[in-house]
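Here you go, sequence then predicted model.
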Amino acid sequence: MSAGSALSIAWTAIRDQYRYGLALFVVAPVAVALVVLPEFAQHVAEIKLGMFESRTVARAMANDPTRWAFGYAKLTGLVLAFLACARAVWCWWDGGQWYDLRQLRWGRLIVGLVLFMAIGSVAAPIAPLVGRWPGMVVNTVFSILSLPALLVALAGLFGDGAPWKALVTRGWPAAVLLVLTFLTGFAPMQAIHAVDHMLALGEPTAVIWLLMIWDSLIVGALAALTGAGLAVAYRLARELAVRAPVAA
């Protein structure tokens, strides 16, 4: 693959990630709401706790048990939203309903996730023994090695019958694309999310409420774009595996 082809694939992937990801607010709002609602519920708790009074108060209350109770619900919603948004985009292309769990291939999904987590965690006991920088290299290597297993998990999530061996052996460009679309989807929204919280500090209550409503939508966009990125990367993996493009 030439550098020009690689850049073209990357640009198309990012374009489609934003095109389909942001459209999920209209096409599959319930999938996005899986994280928007718990995110907003946490903001309500934070406002009632007075967390936005000042930077000092915000730091003091960062680990408040009430805030974290809502935080755990939000993190659960975030993971579910990633998966639901990825399925919603795939079903948009390939047919079916994203919320119909009968369409999943559970064996592939479970095995792929177990392998993804197992391979990625191999570095955990090794990294501390070799020092900081070699440890980072070890972590990076095993994280990269785990990516083809994630493609298998996505095949299960999408209910796709592409041969898993072909996904693993031919899907490395898509595995790299997984990293790219995660960064282009997650990182910008996370940065805006952090800025929203900074802007809210010390502001009047009405302004805080408006910022936190906006921020809940930003977190929804984060989930939608990240999920869409998973679908976009898997689409490339499937095309490489079976040489049959998925209609978009």
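Great, that's in hand. Numbers count the residues shown, from 1 in each chain.

Touching, residue 222 and residue 186? I think so.
Yes. Look at residue 222 against residue 186 with C-beta atoms under 8 Å: they come within range, at 6.0 Å. All C-beta spots, glycine's among them, are computed from the backbone N, C-alpha and C.

So between those two, which is more surrounded?
Per other C-beta atoms under 10 Å, whichever of residue 222 and residue 186 has more neighbours is residue 222, with 26 against 16.

Spit out the contact partners of that one.
Listed by C-beta atoms under 8 Å, 6 or more residues apart in numbering, the contact set of residue 222 reads 35, 78, 185-186, 189-190, 193.

Give the residue farthest from the middle of the protein.
residue 204 (32.7 Å; C-alpha atoms, centre = their mean).

Next up, the contacts around the closest residue in space to residue 221 that isn't next to it in sequence.
Closest residue to residue 221 apart from its sequence neighbours, by C-beta to C-beta, 6 or more residues apart in numbering: residue 189 at 5.3 Å. Contacts of residue 189 were listed using C-beta under 8 Å, 6+ apart, and they are 218-219, 221-222, 225.

Longest helix of the chain, counting residues only.
helix 205-242 (DSSP state H).

re earlier: please identify which of the contacts of residue 189 is nearest to residue 47.
Nearest to residue 47 among the contacts of residue 189: residue 219, at 15.8 Å, using C-beta to C-beta.

ok, that closest one touching residue 38?
No. Counting by C-beta under 8 Å, residue 219 stays clear of residue 38, with 9.2 Å between them.

list residues touching both of those two?
Each of residue 74 lies in contact with both residue 219 and residue 38 under the rule C-beta under 8 Å, 6+ apart.

if we can go back for a sec, what residues sit buried inside the longest helix of the chain?
Buried positions in helix 205-242, judged by neighbour count with 16 or more other C-beta atoms under 10 Å: 208-209, 211-212, 215-242.

so what pLDDT did residue 9 get?
On pLDDT, residue 9 comes in at 87.

okay, now it: neighbour count?
As a burial measure, residue 9 scores 17 neighbours (other C-beta under 10 Å).

which helices and strands sit right next to the helix or strand of the chain with the lowest mean pLDDT?
In the chain, no helix or strand scores lower on mean pLDDT, DSSP states H and E than helix 123-130, which sits at a mean of 75. With contacts taken as 3 or more C-beta pairs under 8 Å, 6 or more residues apart in numbering; DSSP states H and E, helix 123-130 sits against helix 132-158.

mind checking how far the helix it packs on is from the chain centre?
Computed by C-alpha atoms, centre = their mean, to the nearest Å, the separation of helix 132-158 from the middle of its chain amounts to 15 Å.
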